[in-house]
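**Q** need a 3D model of the sequence below.
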Amino acid sequence: MRKLLLIIVLIPLLGSLGWWYFREQALPNYGPAYREYAYVTNGKSNTVSVIDVRTFEPAKTIAVGSEPTGVAANTKKNEIYVVNTGSNNVSVIDAEKNAVVATIGVHGRPYFIDVSEDGKRAYVANSGSANVSVIDLEKRMVLGYVRVGAGPGLARVSPDGATVVVSNRSDNTVSMIDAELLRVRATLPVCQQPEDIAILPDSSKAFVACSGSSQVASIELESKKSSTQTHDRVLALLDVGRTPVSLALKPDGGELIVCDFDSDSISIVETGNNEVGSSALVGQHPTHGVVTSDNSRLYVSNFGSNSVAVYDIDAGRRIATVAVGSRPDGLALSQDQNYLLVLDTQAGDVTVIQKRTPRKLEPTEYSLLTMIPVGVQPNGIVVKAFMMTAPGKKQ
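**A** The predicted structure follows:
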């Protein structure tokens with residue numbers, strides 16, 4: 001009887017100790033005015049799902065335009081911008097209310113939107129109209145349209161706000177728009193089917209992935225501030241793996257990671273000397289990568305193997321593979337960098353992966369925290385962390 005009583009007492013005690021040891025870390029408490037949301041565009045539901053990143057629970061579903069695809073956050077104000085490909089417009093979401101407060105018409109078949117670092121302008125490439133819409137975010141109106149090459153897929157604004165780089169998929173060119181004059185400064189022939197674009201933090205170079213020729217173009221950007229006047233020109237065409245579909249730049253700008261979809265690998269480009277330094281197998285059909293703010297870790301979504309690869313940049317090797325939902329694509333990190341949100345496009349959910357400190361009984365550094373249902377065919381994701389300007393507003 002004494003042994004039985006001892007067992008009865010020890011079981012809940014050991015259970016409590018186990019929960020304490022293996023429990024998931026809570027997000028830091030930034031105070032009652034702090035908000036952190038993930039916004040997910042659902043292409044076949046015509047909605048945006050809002051996830052509260054403080055609790056990893058669904059917060060709201062917002063109706064937007066037809067076929068929402070690209071999404072971006074304003075770093076200077078609490079607004080989110082959603083590109084609606086089917087209805088040729090942009091929905092403006094007030095992040096404090098989590099409600100659409102404006103709709104801005106653009107031109108034919110837009111897919112992506114990019115916001116300048118000062119938060120004043122947005123640029124949308126209209127693939128069906130061969131032009132770029134320039135949006136004044138203060139007035140919530142289109143300032144003008146700039147004619148570019150055929151089938152523009154993406155318009156990316158440089159960190160200094162001076163240049164907008166546009167990849168023209170249908171005529172294998174890249175257009176450079178003078179953001180002050182709102183006119184094309186140069187159009188350069190590059191490699192086949194240019195798509196994703198990355199621009200260095202100092203705005204000196206742009207890199208463009210060409211999925212049709214398995215190359216990345218390195219382009220010098222014109223600078224009026226340089227002591228030696230530079231002009232837009234192609235510096236190099238770098239051979240990478242088959243079908244490079246996306247680019248992830250380290251925050252320090254030193255290296256560029258290329259996702260080679262049909263080679264099941266990543267290529268790492270040294271941006272200073274325009275050379276491919278190394279490559280590594282990461283999983284089947286990698287589609288997107290994201291680098292942590294300390295430049296140490298790379299996460300890659302493997303569309304074909306339903307997993308996320310974790311790559312240690314300093315060590316130069318893959319250190320973990322985490323199983324996620326069906327057909328993972330877009331990625332986003334939480335503000336504290338401890339949580340990775342993964343879009344599972346076929347499953348219609350978001351997988352949350354937690355980075356934690358390994359322990360003796362739980363040596364793995366990464367674990368699957370939860371899976372959150374969203375809408376049908378999630379396309380894009382962005383995380384917005386901010387302080388409420390009016391704490392009394394309802395969420």
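**Q** show me where pLDDT drops low in the protein?
**A** For the chain, the stretches with pLDDT under 70 are 1-29, 226-229, 361-362, 390-395.
**Q** now do 50
**A** Within the chain, the stretches with pLDDT under 50 are 4-5, 7, 9-23, 392-395.
**Q** quick one: residue 161 and residue 233, what's the gap?
**A** Distance, residue 161 to residue 233, by C-beta to C-beta, to the nearest Å: 21 Å. Every C-beta, even on glycine, is put in place using the N, C-alpha and C of the backbone.
**Q** comparing these two, which residue is more hemmed in?
**A** The residue with more neighbours, out of residue 161 and residue 233, is residue 161; 15 against 12, by other C-beta atoms under 10 Å.
**Q** that one is in contact with residue 118, isn't it?
**A** Yes. Look at residue 161 against residue 118 with C-beta atoms under 8 Å: they come within range, at 6.1 Å.
**Q** which parts of stretch 174-191 are buried?
**A** Using 16 or more other C-beta atoms under 10 Å as the test for burial, stretch 174-191 gives 174-179, 184-188, 190-191.
**Q** so where do the helices sit in the chain?
**A** Under the criterion DSSP state H, helices of the chain are mapped to 2-22.
**Q** distance to residue 386 for the buried residues of stretch 174-191 - can I get that in JSON lines?
**A** Formatted as JSON lines, the buried residues of stretch 174-191 follow (distance: C-beta to C-beta, whole Å):
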{"residue": "174", "distance to residue 386": "34"}
{"residue": "175", "distance to residue 386": "33"}
{"residue": "176", "distance to residue 386": "32"}
{"residue": "177", "distance to residue 386": "29"}
{"residue": "178", "distance to residue 386": "32"}
{"residue": "179", "distance to residue 386": "26"}
{"residue": "184", "distance to residue 386": "35"}
{"residue": "185", "distance to residue 386": "34"}
{"residue": "186", "distance to residue 386": "37"}
{"residue": "187", "distance to residue 386": "38"}
{"residue": "188", "distance to residue 386": "38"}
{"residue": "190", "distance to residue 386": "37"}
{"residue": "191", "distance to residue 386": "39"}
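**Q** report the beta-bridge partner residues of the residue lying closest to residue 342 once chain neighbours are set aside.
**A** Nearest-residue entry for residue 342: residue 351, 4.3 Å, with adjacent residues in sequence omitted and distances by C-beta to C-beta, 6 or more residues apart in numbering. Beta-bridge partners recorded for residue 351 (DSSP bridges): residue 342, residue 371.
**Q** state the distance from residue 351 to residue 332.
**A** The value you get for residue 351 to residue 332, if C-beta to C-beta is used, is 12 Å.
**Q** please tell me I have it right and residue 379 contacts residue 68.
**A** Yes. Assessed by C-beta under 8 Å, residue 379 is found in contact with residue 68 at 6.9 Å.
**Q** quick one: which of those two has more around it?
**A** More crowded of residue 379 and residue 68, by other C-beta under 10 Å: residue 68, with 31 against 23.
**Q** which residues touch residue 106?
**A** Contacts for residue 106 (C-beta atoms under 8 Å, 6 or more residues apart in numbering) come out as 83, 88-90, 124, 126, 133, 135, 142.
**Q** who are the contact partners of the nearest residue to residue 374 once chain neighbours are set aside?
**A** Once flanking residues are discounted, residue 374 sits nearest to residue 49: 3.9 Å by C-beta to C-beta, 6+ apart. Neighbour list for residue 49: 39-40, 42, 58, 60-62, 350, 374-375, 378 [criterion: C-beta under 8 Å, 6+ apart].
**Q** so which of these are in strands?
**A** Judged by DSSP state E, strands contain the following of these: 39-40, 42, 58, 60-62, 350, 378.
**Q** narrow those residues to those that are buried.
**A** Neighbour counting with 16+ other C-beta under 10 Å marks 39-40, 42, 60, 62, 350, 378 as buried within the ones in strands among the contacts of residue 49.
**Q** residues near the residue nearest to residue 342, how many?
**A** With other C-beta under 10 Å as criterion, residue 351 counts 23.
**Q** show me what contacts it?
**A** Residue 351 touches 308, 324-325, 328, 341-342, 344, 368, 370-371, counting by C-beta under 8 Å, 6+ apart.
**Q** how close does it get to residue 373?
**A** Using C-beta to C-beta, residue 351 is found at 11 Å from residue 373.
**Q** what is the burial count for residue 201?
**A** Around residue 201 there are 14 residues (other C-beta under 10 Å).
**Q** no, scratch that, I was asking about residue 139
**A** When neighbours are counted by other C-beta under 10 Å, residue 139 comes out with 10.
**Q** what of residue 101?
**A** 11.
**Q** for it, give its distance to residue 188.
**A** 38 Å.
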